[in-house]
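Visitor: sequence below, structure please.
(one chain, ligands or ions: 1)
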Amino acid sequence: MKNSMKIGVLTSGGDSPGMNAAIRAVVRACEYQGVQCLGIYRGFQGLIEADFKELNARSVKNIINRGGTFLKSARCDEFKNSKGRKKAYDNLINENINALVVIGGDGTFKGATAFQKEFNFPIVGIPGTIDNDINGTDYTIGYDTALNTVVEAIDKIRDTANSHNRLFLVEVMGRDAGDIALNAGIGAGAEEILIPEQDMGLERLLESLDKSKKSGKTSSIVVVSEGDQIGKNIFELAENIEKNLKNYEVRVSVLGHIQRGGAPSCYDRVLASRLGVGAVDALLNGETNVMVGIVHNKVKLIPFAEAIKSSNQFDVSLVRVADIISI
Ligand code: ATP
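Guide: A predicted model of the protein is given here:
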């Protein structure tokens, strides 16, 4: 089985720091196990266009420390219909690829599930997204690096907030999940943290900011998740605060794509390496339709069906910590 095996690896959806380290681990685990490995460029798009390149241990040198993904990533609408997926399947068969490792977020796993169902093709996933919004794994690759990037940025914003007695609203990524906002908010000492899972409401936010001012705070940081539900967007929220709390001068800072970039943290490099090796082990053990995740610091296999379940759960104890330490 081993010698006849050829594994394709791709990165899909939004890129995240540590994806390169995961590819590297997959390629080297393949070589270690004596199986061939093919890189597929631009995610599912490259699968449909047969954009393949053979990889070996040396092709992935000097990338463990680099952000982004050297295989490139893409969003591919064509893969959402069965005609596109059939093209992808034909290319895999033509190239004698008989198993896939897909690195990406929940959309990537949805695509993998559809493909697996249609063609019964062995696929194992690795969670690579800064949002940490995948069910069944404690962490996704890139999340830790993104948190560190956000904390560093907020530390800098705090310097200017302090110097001018201003309130800064800092928008961070997370359309559906508040993990980045909540953890980076605690780490950076934010006064308030607004997350999509919990609508605090404008009234309570105003009350809290007013209380902060009266308690003697001269500047404040409010971390706002992209998906927060107070108001149309962060700029409208800023206007509403200035309208209602005359003693506040408000500024907005949208951190945007800097959160996706940069060298992966040590944690992400190690996580990516463990999950990459775990993915190849899983395929060699005949596993399919599963994601390799990390649970209580152990590598675990989680069915795609479980991984893509949307859960609006968040750690309530973190909200309590944030409330207590921001008084
Ligand atoms: P991130 O959350 O970090 O952006 P992601 O993997 O969720 O990563 P998406 O753009 O949602 O990113 O999905 C990546 C690709 O997966 C899509 O461009 C598409 O090709 C494929 N895909 C997503 N959903 C489906 C689906 N329901 N059926 C088939 N393919 C899908």
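Visitor: same for the helix or strand harbouring residue 180, what does it pack against?
Guide: Using DSSP states H and E, residue 180 sits in helix 179-187. With contacts taken as 3 or more CB pairs under 8 Å, 6 or more residues apart in numbering; DSSP states H and E, helix 179-187 sits against helix 143-164, strand 167-172, strand 192-194, strand 220-225, helix 316-325. Quick note: C-beta positions are derived from backbone N, CA and C, even for glycine.
Visitor: between that helix and helix 316-325, how many degrees?
Guide: When axes from the mean of the first three to the mean of the last three CA atoms, to 10 degrees is applied, the directions of helix 179-187 and helix 316-325 differ by 30 degrees.
Visitor: from here on, call the first residue 636.
Guide: In the new count, where the first residue is 636, that last one comes out as helix 814-822.
Visitor: okay, the helices and strands packed on helix 814-822 in CSV with distance to residue 664 next?
Guide: What follows is the helices and strands packed on helix 814-822, written out as CSV (distance: least, CB to CB, whole Å):
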stretch, distance to residue 664
helix 778-799, 22
strand 802-807, 34
strand 827-829, 39
strand 855-860, 35
helix 951-960, 34
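Visitor: tell me who's in contact with the nearest residue to residue 686 once chain neighbours are set aside.
Guide: Distances taken as CB to CB, 6 or more residues apart in numbering place residue 676 nearest to residue 686, at 4.2 Å, with adjacent residues excluded. Contacts for residue 676 (CB atoms under 8 Å, 6 or more residues apart in numbering) come out as 645, 686, 687, 688, 706, 707.
Visitor: backbone dihedrals for residue 676, please?
Guide: Here is the backbone geometry of residue 676 (degrees, to the nearest 10): phi -80, psi 150.
Visitor: do you know how far it is from the ligand?
Guide: 14 Å (CB to the nearest ligand atom, to the nearest Å).
Visitor: quick revisit: among the helices and strands packed on helix 814-822, which comes closest to the ligand?
Guide: helix 778-799 (10.3 Å; CB to the nearest ligand atom).
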